[in-house]
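Engineer: Got a predicted structure here, sequence first:
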Amino acid sequence: MPSILLVDDEPGVRSALSGVLRDEGYEVDAVDSGEACLERLGRQAYDVVVLDIWLPGMDGLATFARMRERQIESQVVMISGHGNIESAVRAIKMGAFDFVEKPLSLEKTVLVVRNALRQRRLEAENQALRAKVGAQHTMVGESHAMVHLREQVAMAAPTNGRVLIYGENGTGKELVARNIHEMSRRRSGPFIEVNCAAIPEELIESELFGHVRGAFTGAVADRRGKFELSHGGTIFLDEIGDMTLKTQAKVLRVLQEQVMEPVGGSTRIRVDARVLAATNKDLPAEIRSGRFREDLYFRLNVVPIFVPALRDRQEDIPLLADHFMAMLAREYGRRPKTFEPDALTALQRYPWPGNVRELANLVERLMIMVPGERITARDLAFLDHGIVGGIEASTPMPAAMTQLHDARDRFERDYILRALAAQQGNISRTADALGIERSNLYRKMRAFGIMPARKSEDEEAV
Ligand SMILES: Nc1ncnc2c1ncn2[C@@H]1O[C@H](COP(=O)(O)OP(=O)(O)OP(=O)(O)O)[C@@H](O)[C@H]1O
Ligand SMILES: [Mg+2]
């Protein structure tokens, strides 16, 4: 509930304003002097302070100045009488939200307070968002490989050099690109990402260079391309190994001449964008097999940066697990869970074919699924299934194991629910239909959180 502190020496004003503000659903306290106001604010935080300018003793303006000195962040609405509008204006210049004049219109005062609260909420959201974005882009890890990677990023960032980032899926290539941008002189410019693998071949040119109206069916209006949008900033060409040779030729031209032409257009547009690129492919091999242009490779590969696989920096795993846990806890508004030492050992033994992204997903799953405050090796038993069967740490595995598990569980749960519905919830008949033991079906239902129908004849049997 939003909280308001009223400061006015007139008892009539205090009671009338408290009344209407409480009716609005706010928690309201009222005091009669600047000294009392500061004393209150020392004990409790208020969202909005409604502060009379004329007060006996310390006046409203002096009180407000003290609040700012003490870095009290409440929004402040001043109440001014006829004689002291200038003071009110001064207060606004010092950062007060607004002022209302005496004689007070209750309606107007409520409106101003409501706006002040909205402003405060926006500021709080903004702050939370900024903290989150900051945390999202920190590169966590103290392993030798990570320290080296951070050094390379710090060295490459301030130059205008093109950087080609190599690494397996989910190792943090995009994170490296964002860090380079944020540490560069272009940081206040745009960071534009293009996933070359996700865009259909016919559309990639228009995506990169834009198009003019009527250039092709469906081009109903002019559209600016990603190169143009990244002017003054950075363009990040992700999965660069997935561009066709034709697109590669056009990208090469932009890199050479710093100009581009929208599809179907005749004007040439000058662009000043720093190009960062990433790939999980072996580009020299792609060049040998004729799928990637060698001249483009040399243009892009000015500074090569290699992001190591997670299994090659196991000492970072506990730090990363804690980092994701803290971030998720903030996001979900829950307390972070702690990893027991045996859980951390299990995490470090797992080969992480999906690298850091897979670890982040797993931590989110644990956040949701583990009921207690502590995560133990038992909560991670399913990871072992990924390792048994002689799969070596360095062998690439089919898609992330945890995803496969999830998909299978979802499918199985759904399948059982359908079978139950078809048998009107009768467990024996459902078990028959599925060709499994009744006790087995019960176990699965419990595991998937499916409640047996109340009137089922075998309700008590397990
Ligand atoms: N060192 C790190 N510290 C903190 N978070 C990281 C780190 N490395 C990666 N991440 C996080 O892991 C996730 C995957 O990283 P990112 O998308 O940068 O990887 P990628 O190499 O681009 O993956 P893909 O090849 O699948 O595109 C992101 O959420 C990223 O923030
Ligand atoms: Mg990526």
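Structural biologist: Nice, I can see it. Ligands and ions are numbered 1, 2, ... in the order given.

Engineer: Up against ligand 1, what does the stretch 1-150 of the chain have?
Structural biologist: For the stretch 1-150 of the chain, the residues in contact with ligand 1 under the definition C-beta under 6 Å from any ligand atom are 136, 139-141. Yep, even glycine has a C-beta here, placed from its N, CA and C like the rest.

Engineer: So for the residue in the stretch 151-300 of the chain that ligand 1 sits nearest to, what pLDDT did the model give?
Structural biologist: When distances are taken as C-beta to the nearest ligand atom, the stretch 151-300 of the chain reaches nearest to ligand 1 at Gly172, 2.8 Å away. Here the pLDDT value assigned to Gly172 is 96.

Engineer: What of the one 5 residues further on?
Structural biologist: Ala177 carries a pLDDT value of 97.

Engineer: got the residues of the stretch 201-350 of the chain near ligand 1?
Structural biologist: Residues of the stretch 201-350 of the chain lying near ligand 1 (C-beta under 6 Å from any ligand atom): 280, 320, 323.

Engineer: and the first one, what is it in contact with?
Structural biologist: Which is Asn280. Asn280 makes contact with 166-169, 173, 239, 241 under the criterion C-beta atoms under 8 Å, 6 or more residues apart in numbering.

Engineer: What part of the chain, helix or strand, is modelled with the least confidence?
Structural biologist: The element with the least model confidence among the helices and strands of the chain, by mean pLDDT, DSSP states H and E, is helix 381-387, at a mean of 65.

Engineer: C-terminal to that one, which secondary structure element comes first?
Structural biologist: Reading on from helix 381-387 to the C-terminus, the next helix or strand found by DSSP states H and E is helix 401-422.

Engineer: hmm, that following helix touching ligand 1?
Structural biologist: No: for a cut-off given as C-beta under 6 Å from any ligand atom, helix 401-422 has no contacts with ligand 1; the smallest distance is 12.8 Å.

Engineer: which other helices and strands contact that helix?
Structural biologist: helix 355-369, helix 381-387, helix 427-434, helix 438-447 (3 or more C-beta pairs under 8 Å, 6 or more residues apart in numbering; DSSP states H and E).

Engineer: buried residues in stretch 85-97?
Structural biologist: Neighbour counts using 16 or more other C-beta atoms under 10 Å place 87-88, 90-91, 96-97 of stretch 85-97 among the buried residues.

Engineer: Tell me which of the residues you listed fall in helices.
Structural biologist: Judged by DSSP state H, the subset of the buried residues of stretch 85-97 located in helices is 87-88, 90-91.

Engineer: Enumerate every residue touching the closest residue to Arg114 other than its chain neighbours.
Structural biologist: When the adjacent residues along the chain are set aside, Arg114 lies closest to Glu24, with 7.3 Å between them (C-beta to C-beta, 6 or more residues apart in numbering). Under the criterion of C-beta under 8 Å, 6+ apart, the neighbours of Glu24 are 110, 113-114.

Engineer: same thing but 10 Å
Structural biologist: With contact set as C-beta atoms under 10 Å, 6 or more residues apart in numbering, Glu24 has these partners: 2, 4, 110, 113-114, 117.

Engineer: now swap in Phe64 and tell me
Structural biologist: 7, 34, 37, 49, 51, 53, 72, 76, 78, 87, 90-91, 94-96.

Engineer: what's the most distant pair in those?
Structural biologist: The most widely separated members of those are Ile72 and Ser87, with 19.4 Å between them, by C-beta to C-beta.

Engineer: thinking again about what came up before, as CSV, the buried residues of stretch 85-97 with pLDDT would be great.
Structural biologist: Supplementary listing: these in CSV, determined by pLDDT from 0 to 100:
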residue, pLDDT
Ser87, 87
Ala88, 86
Arg90, 90
Ala91, 90
Ala96, 94
Phe97, 94
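
Engineer: Quickly check the residues you listed for the two that are furthest apart.
Structural biologist: With C-beta to C-beta as the measure, no two of those lie farther apart than Ser87 and Phe97, at 15.3 Å.

Engineer: where does this structure have low pLDDT?
Structural biologist: 131-135, 384-405, 453-462 (pLDDT under 70).

Engineer: elements contacting the longest helix along it?
Structural biologist: Assignment by DSSP H gives helix 106-136 as the longest helix of the chain. Counting contacts by 3 or more C-beta pairs under 10 Å, 6 or more residues apart in numbering; DSSP states H and E, helix 106-136 is packed against strand 3-7, helix 11-23, strand 48-52, strand 75-80, strand 98-101, helix 173-182, helix 317-332.

Engineer: how many other residues sit next to the closest residue to Tyr350 other than its chain neighbours?
Structural biologist: Leaving out its chain neighbours, the residue that sits closest to Tyr350 by C-beta to C-beta, 6+ apart is Leu383, at 4.8 Å. Using other C-beta atoms under 10 Å, Leu383 has 20 other residues around it.

Engineer: again with Asp379
Structural biologist: Using other C-beta under 10 Å, Asp379 is surrounded by 20 other residues.

Engineer: quick one, phi psi at the residue nearest to it when sequence neighbours are not counted?
Structural biologist: Beyond its immediate neighbours in the sequence, the residue positioned closest to Asp379 (C-beta to C-beta, 6+ apart) is Val370, lying 5.1 Å away. Per-residue torsions, Val370: phi -80, psi 120 (degrees, to the nearest 10).

Engineer: From ligand 1, how far out is Val370?
Structural biologist: Taking C-beta to the nearest ligand atom, to the nearest Å as the criterion, Val370 is separated from ligand 1 by 21 Å.

Engineer: so what's that residue up against?
Structural biologist: The contact partners of Val370, taken as C-beta under 10 Å, 6+ apart, are 337, 343, 376, 378-380.

Engineer: In strands only, show me those residues.
Structural biologist: Restricting those to those inside strands, with DSSP state E as the criterion, leaves an empty set.

Engineer: ok, of the residues you listed, which come out buried?
Structural biologist: Looking at the contacts of Val370 with 16+ other C-beta under 10 Å, the buried ones turn out to be 337, 343, 379-380.

Engineer: ok, the residues you listed vs Asn426, which is closest?
Structural biologist: Nearest to Asn426 among the buried ones among the contacts of Val370: Asp379, at 34.3 Å, using C-beta to C-beta.

Engineer: hmm, back to that, how about a markdown table for the contacts of Glu24, with neighbour count and distance to Ala433 added?
Structural biologist: Written out in a markdown table, the entries for those read as follows (neighbours: other C-beta atoms under 10 Å; distance: C-beta to C-beta, whole Å):
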| residue | neighbour count | distance to Ala433 |
| --- | --- | --- |
| Pro2 | 19 | 57 |
| Ile4 | 26 | 63 |
| Val110 | 17 | 64 |
| Val113 | 27 | 64 |
| Arg114 | 15 | 60 |
| Leu117 | 19 | 58 |
